[in-house]
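**Q** Can you look at this prediction? I've put the sequence above it.
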Amino acid sequence: MLIQSIKGRNMELQPRRATVLPFTPEIARSTGQLYARVAHVVPEVEWAVHASYIDAINRLKRVKNAVILAHNYMTPEIFHCVADFVGDSLQLAREAAKTDADVIVQAGVHFMAETSKILSPDKTVLIPDLKAGCSLAASITGADVRLLQQKYPGLPVVTYVNTSAEVKAESDVCCTSSNAVAVVEDIAREHSVDTVIMVPDEYLAQNVAKLTPVKIITWKGHCEVHERFTAADIRAYREGNPGVVVLAHPECPPEVVAEADFAGSTSAMIGYVDKRRPARVVLVTECSMSDNVAVEFPDVEFVRPCNLCPHMKQIALPKILHSLQTMTHEVTVEAATAARAKAAVERMLAVGAPRQRAAA
């Protein structure tokens, strides 16, 4: 019932003006293998609505030489049935940059599409709905970063990839939730300082500060999904689900991370489940991720906290199809801004990628 409730809410966010495509026997046959993959997280009654869009999207991708990038928070019918690349925002942008596709459709939020454009300037980058924004990215502007630099002269700025291109462009280096500690320590050494500025996620910065001797000046930006979790929630999950393993995203408040068994990025959570195979687990993050990971690990029981991202849920199959049909909405980044933002991203990759490979 919980899964059906989650899916139902997502369907309500689909564009009401979209024409419902017929579910024919031919489409049932052509999409049968895909449904077999997601059958235990997508009810059959919903598949009758999704399948025709999935079939049309997959056909049109070939015509347009397009790829679809799906973030870990997309719903399963997008994540497992039309996406060419899946993962966290940086993984998606890096993979897209390697492809020979002419078109990239970002099934995620706007800052992710900007990052894809920064790393793939010669490709057409589309986002199916311009309302797919981000509370965290919206919490800071390039002007805010410049004011911080004036207030704390000489201190390097570490910017989370969950930000706009203009904010990245004002930064010394970007980071992800998985490599933030390494990036903070590296940039502090390079600038011979014991303090750095880290924006915009206050909780991520506070959680990183507990893992490094480098002092961190924070900004009061929060993810509206992760900030809603509380330490009391974690204790309630344990009480109601004996033996459950709790995995928390580091965008959660520090008291939530302290209650968890493990804290890490969405990719790190998936890695934990893959390696440890806990009998019962709760992913303290956007709830669609549990459905997506459950497809890969049907032997693991997932306790599903239902915190939905309203921005991610703007992206639905009818909108993806419309985006490909009309080539909207194209995402562009001004050339000078893109060049400076790319430098900050590439500076991060020089720090994070070798260490991540060594730990793999």
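**A** Arrived safely, thanks for sending. Numbering: from 1, shown residues only.
**Q** The stretch 201-350 of the chain: strands as residue ranges?
**A** With DSSP state E, counting those that start in this stretch as the criterion, the stretch 201-350 of the chain has strands at 215-217, 245-248, 262-263, 280-284, 301-303.
**Q** From the rest of the structure, what touches the last one?
**A** Spelled out, it's strand 301-303. With C-beta atoms under 8 Å, 6 or more residues apart in numbering as the test, strand 301-303 has contacts from 237, 241, 244, 279-283, 290-291, 293-294. Glycine gets a C-beta too; all of them are placed from N, C-alpha and C.
**Q** what does the third one give?
**A** Contacting residues not belonging to strand 262-263 are listed as 207, 245-250, 252, 257, 268-269, 272 [C-beta under 8 Å, 6+ apart].
**Q** Mean confidence (pLDDT) on it, please.
**A** Averaged across strand 262-263, pLDDT comes to 98.
**Q** ok, now stretch 59-68?
**A** 98.
**Q** In it, which residues are buried?
**A** Residues of stretch 59-68 classed as buried by neighbour count (16 or more other C-beta atoms under 10 Å): 61, 64, 66-68.
**Q** Show me what that stretch is in contact with.
**A** Identification of contacts with stretch 59-68 by C-beta under 8 Å, 6+ apart yields 57, 78, 82-85, 96, 99-105, 107, 320-321, 324-325.
**Q** and the closest residue to Q325 other than its chain neighbours, which of the three is it?
**A** Nearest non-adjacent residue to Q325, counting by C-beta to C-beta, 6 or more residues apart in numbering: L60, 6.9 Å away. In terms of secondary structure, L60 is helix; the call rests on DSSP: H, G, I helix; E, B strand; the rest coil.
**Q** repeat for R37
**A** R37 carries the three-state label helix when classified by three-state DSSP.
**Q** Quick check: the gap between it and F79.
**A** Counting by C-beta to C-beta, to the nearest Å, the gap from R37 to F79 is 10 Å.
**Q** okay, those two: which has more neighbours?
**A** F79 (23 against 15; other C-beta atoms under 10 Å).
**Q** Next up, the contacts around the more buried one.
**A** F79 neighbours (C-beta under 8 Å, 6+ apart): 70, 72, 86, 107, 288, 292.
**Q** shaky segments in the stretch 151-300 of the chain?
**A** For the stretch 151-300 of the chain, applying pLDDT under 70 flags no range at all.
**Q** For the helix or strand A97 falls within, which outside residues touch it?
**A** In the assignment (DSSP states H and E), A97 maps to helix 89-98. Helix 89-98 has contacts (C-beta under 8 Å, 6+ apart) with 67, 69-71, 85-87, 104, 106, 108, 111-112, 115-116, 118-120, 123, 161-162, 176, 267, 345.
**Q** mind listing the helices in the stretch 51-200 of the chain by residue range?
**A** Counting by DSSP state H, counting those that start in this stretch, the stretch 51-200 of the chain has helices at residues 76-79, 89-98, 110-119, 142-151, 165-169, 180-191.
**Q** Now do the second one against helix 110-119, angle only.
**A** For the pair helix 89-98 and helix 110-119, the angle between their directions (axes from the mean of the first three to the mean of the last three C-alpha atoms, to 10 degrees) equals 40 degrees.
**Q** which stretches of the stretch 201-350 of the chain form helices?
**A** Under DSSP H, counting those that start in this stretch, the stretch 201-350 of the chain gives helices at 202-209, 231-240, 254-259, 266-276, 288-296, 317-326, 335-359.
**Q** List the buried residues of the third one.
**A** Buried residues in helix 254-259, defined by neighbour count with 16+ other C-beta under 10 Å: 254, 256-257, 259.
**Q** Which other helices and strands does it contact?
**A** Judged by 3 or more C-beta pairs under 8 Å, 6 or more residues apart in numbering; DSSP states H and E, helix 254-259 is in contact with helix 202-209, helix 231-240, strand 245-248.
**Q** can I get the CA coordinates of it in PDB?
**A** Presented in PDB, the C-alpha positions along helix 254-259 are these (Å, rounded to 0.1, in the frame of the first residue of the first chain):
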ATOM      1  CA  PRO A 254      24.300  16.300  12.400                       C
ATOM      2  CA  GLU A 255      22.100  14.800  15.100                       C
ATOM      3  CA  VAL A 256      20.500  12.500  12.500                       C
ATOM      4  CA  VAL A 257      23.900  11.400  11.100                       C
ATOM      5  CA  ALA A 258      25.000  10.700  14.700                       C
ATOM      6  CA  GLU A 259      22.000   8.300  15.100                       C
END
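**Q** what does it contact?
**A** With C-beta under 8 Å, 6+ apart, helix 254-259 has contacts from 203, 206-207, 210, 229-231, 233-235, 246, 248, 250, 263, 284.
**Q** What of the fourth one?
**A** For helix 266-276, contacts defined as C-beta under 8 Å, 6+ apart pick out 72-73, 87-88, 91, 177-178, 245, 247, 249, 262, 264, 281, 283, 285, 289, 293, 296-297, 300.
**Q** Look up how far M348 lies from the residue nearest to T159 when sequence neighbours are not counted.
**A** Nearest in space to T159, with sequence neighbours left out and distances taken as C-beta to C-beta, 6+ apart, is S171 at 3.8 Å. Taking C-beta to C-beta as the measure, S171 and M348 are separated by 9 Å.
**Q** for the contacts of F79, which one is nearest V225?
**A** For these, the closest approach to V225 (C-beta to C-beta) belongs to S288, at 10.5 Å.
**Q** burial of the closest one, as a residue count?
**A** By the other C-beta under 10 Å criterion, the neighbourhood of S288 contains 26 residues.
**Q** so it touches T75, yeah?
**A** Yes. Using C-beta atoms under 8 Å, S288 is in contact with T75, at 5.1 Å.
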